[in-house]
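**Student:** Sequence and predicted model, in that order:
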Amino acid sequence: MTEITLSVCVTTGRRPAFLDGLLTRLAAEIRPGVPFEVVVSDAGEDDAARRIVERHAAAGLPVVHLRHAGPVDGPAHLVDALHRGRGRYLVALADDALLDPQGLAETIAFLDGAPEVLAAYAPPNFHDDTTGRSAGPLHRLDGDAVFATGDALDLLGFLVRHGLRPDHAVFRAEAVRRILSPGAACHWSLVALSRIVAAGAVAFRARPFLRLVTRSGVAEARGRDLVEEQWDLDRGGLEYLVQGLLAQIGAQLDAGQRQVFRDAVDAYVQSRLRLALRQWQALGDFVRTHEILCRLRAMAAGPVPEIEAEIENPERLPLLVAVQTLARFANGLAGVNRLVLVGVADGPSLSSLLRELGLDRRILVTPPVAGAPAVNGSSLVFLADEAERQRFLDQGYAPGLIVSERDLVGGPA
């Protein structure tokens with residue numbers, strides 16, 4: 001029986017179009033002559049994925065399908081998929097991501113030449129699949145770095161310096177055997193890294209082998225889901241990693257070292273927050289951008305020039321936050337199908353901005369109509385002037401569905 005060199009372990013759920021597109025690409029892109037298999041771990045609610053896998057298997061793709069009995073969360077799904085692979089090397093892949101064939105081939109060649117390395121990590125590329133163009137890697141590394149079991153402090157410093165979370169790797173089978181927990185209070189990738197580096201060396205390579213798709217010709221790409229917000233798990237994962245590294249070298253931290261460590265953890269979380277700040281701003285989520293900015297300012301005990309410089313049109317951010325907050329509040333109200341703008345100097349411009357920032361099309365934006373009856377519960381009223389509130393209460397509008405500009409602009413600047 002031919003040894004399997006590579007297992008591509010795919011997690012999928014309720015997105016058959018993405019799975020079909022991915023399997024088509026894998027069949028065409030994996031380097032000829034590399035014995036490989038595709039393992040599809042399916043957490044969907046119907047047989048769509050099974051039918052797709054059977055069709056590709058009949059066309060010659062070495063693919064198998066495994067079905068979960070019920071819903072499974074992301075890290076547990078990934079652990080399951082990896083442990084089903086039989087290859088010498090294994091890589092986990094979401095159904096809406098893509099491999100970089102050349103980067104993958106180079107990573108496998110690197111591992112072939114470095115038998116002491118149990119896992120080769122690399123930052124993914126952001127990729128627009130409609131144009132075939134890459135926007136560059138999530139993190140830019142100056143070059144490759146290898147850390148042996150005893151390189152505890154060097155590995156910690158590398159992660160903190162680059163704000164890097166070890167999410168994506170080509171693993172040896174021996175490394176996958178160490179990945180048994182999806183993480184509970186700690187991010188799974190840092191728990192896995194701690195356990196792997198206790199058994200052998202790990203590498204961080206500058207050359208990506210995976211592409212995170214921001215725009216897709218298959219279906220709507222996940223875009224917003226690419227932004228990670230698990231900062232408490234990041235903190236917990238780094239603490240777990242450090243304790244594991246200290247255990248390897250039989251050391252404990254004194255009071256001064258503990259403060260240095262705390263500062264390092266804060267710096268790591270801050271770098272993850274800054275990454276999310278840039279991504280959410282680019283995606284037009286100004287509410288999240290503002291909240292993350294407030295957290296960064298609190299961590300630094302005030303504004304930090306290099307962080308503030310990353311905000312585009314900072315003088316406009318408060319307006320965007322307020323309008324997007326109003327749009328999302330309206331979207332979340334059951335039965336509301338009308339937003340009444342009262343006392344707004346330029347109603348059409350505000351209406352257009354509300355749409356741009358996410359107001360549902362089902363909600364009609366109108367000025368107040370004289371003599372029109374208030375249909376209780378179906379209209380949200382926005383007041384430019386708080387003094388108008390009583391007038392609309394007297395007309396029968398629901399008190400909880402009257403929002404003024406004053407209500408929207410409260411909170412930290």
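**Tutor:** Received it, and whenever you're ready, just let me know what you need.

**Student:** Name the single longest helix found in this protein.
**Tutor:** Using DSSP state H, we find that the single longest helix of the chain is helix 255-282.

**Student:** Pull out the buried positions in it.
**Tutor:** Buried residues in helix 255-282, counted by 16 or more other C-beta atoms under 10 Å: 261, 264-265, 268-277, 279-281. In short, each C-beta sits where N, CA and C put it, glycine included.

**Student:** Just flag the most distant two among those.
**Tutor:** Largest separation among these by C-beta to C-beta: Phe261 and Gln281, giving 30.6 Å.

**Student:** how does the protein divide into domains?
**Tutor:** Annotated domains of the chain cover 6-226, 318-408 [automatic domain parsing].

**Student:** Highest mean neighbour count out of these?
**Tutor:** Among those, domain 6-226 has the highest mean neighbour count (mean count of other C-beta atoms under 10 Å), at a mean of 18.

**Student:** Following the chain past the longest helix of the chain, name the next helix or strand.
**Tutor:** helix 286-299 (DSSP states H and E).

**Student:** Arrange the domains of the chain in JSON lines, one row each, with mean pLDDT and distance to Arg297 as further columns.
**Tutor:** Formatted as JSON lines, these follow (pLDDT from 0 to 100; distance: least, C-beta to C-beta, whole Å):
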{"stretch": "domain 6-226", "mean pLDDT": "88", "distance to Arg297": "18"}
{"stretch": "domain 318-408", "mean pLDDT": "90", "distance to Arg297": "14"}
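
**Student:** Tell me which stretches of the stretch 1-150 of the chain form helices.
**Tutor:** 16-29, 48-58, 74-84, 101-113 (DSSP state H, counting those that start in this stretch).

**Student:** mind checking which of those is nearest Arg165?
**Tutor:** Closest among those, once you apply C-beta to C-beta, is helix 74-84, at 12.6 Å.

**Student:** For the closest one, report the contacting residues that lie outside it.
**Tutor:** Contacts with helix 74-84, where a contact means C-beta atoms under 8 Å, 6 or more residues apart in numbering, come from 7, 9-11, 39, 41, 43, 64, 66, 68, 72, 90, 92, 171, 176, 179-183, 188.

**Student:** export that helix as CSV, just CAs?
**Tutor:** C-alpha atoms of helix 74-84 as CSV (Å, rounded to 0.1, in the frame of the first residue of the first chain):
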residue,chain,number,x,y,z
GLY,A,74,-14.9,25.1,15.5
PRO,A,75,-11.9,23.9,17.5
ALA,A,76,-13.4,20.5,18.3
HIS,A,77,-14.3,20.1,14.6
LEU,A,78,-10.8,20.8,13.6
VAL,A,79,-9.3,18.3,16.2
ASP,A,80,-11.6,15.6,14.9
ALA,A,81,-10.7,16.3,11.2
LEU,A,82,-6.9,16.2,12.0
HIS,A,83,-7.2,12.9,13.9
ARG,A,84,-9.0,11.2,10.9
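
**Student:** Just list the residues touching Arg362, thanks.
**Tutor:** If you count contacts by C-beta under 8 Å, 6+ apart, Arg362 has them with Asn337.

**Student:** again with the one 4 residues further on
**Tutor:** Thr366 makes contact with Arg338, Leu339, Val340, Leu341, according to C-beta under 8 Å, 6+ apart.

**Student:** mind running it again at 6 Å?
**Tutor:** Taking C-beta atoms under 6 Å, 6 or more residues apart in numbering, we find Thr366 in contact with Val340.

**Student:** quick one, phi psi at it?
**Tutor:** Taking degrees, to the nearest 10, you get phi -140, psi 160 for the backbone angles of Thr366.

**Student:** Mind listing the residues bridging to it?
**Tutor:** Val340 (DSSP bridges).

**Student:** how far away is it from Ala201?
**Tutor:** Noted for Thr366: a distance of 65 Å to Ala201, by C-beta to C-beta, to the nearest Å.

**Student:** Then Arg389?
**Tutor:** With C-beta to C-beta as the criterion, Arg389 and Ala201 are 66 Å apart.

**Student:** Repeat that for Asp100.
**Tutor:** Asp100 is 23 Å from Ala201, by C-beta to C-beta.
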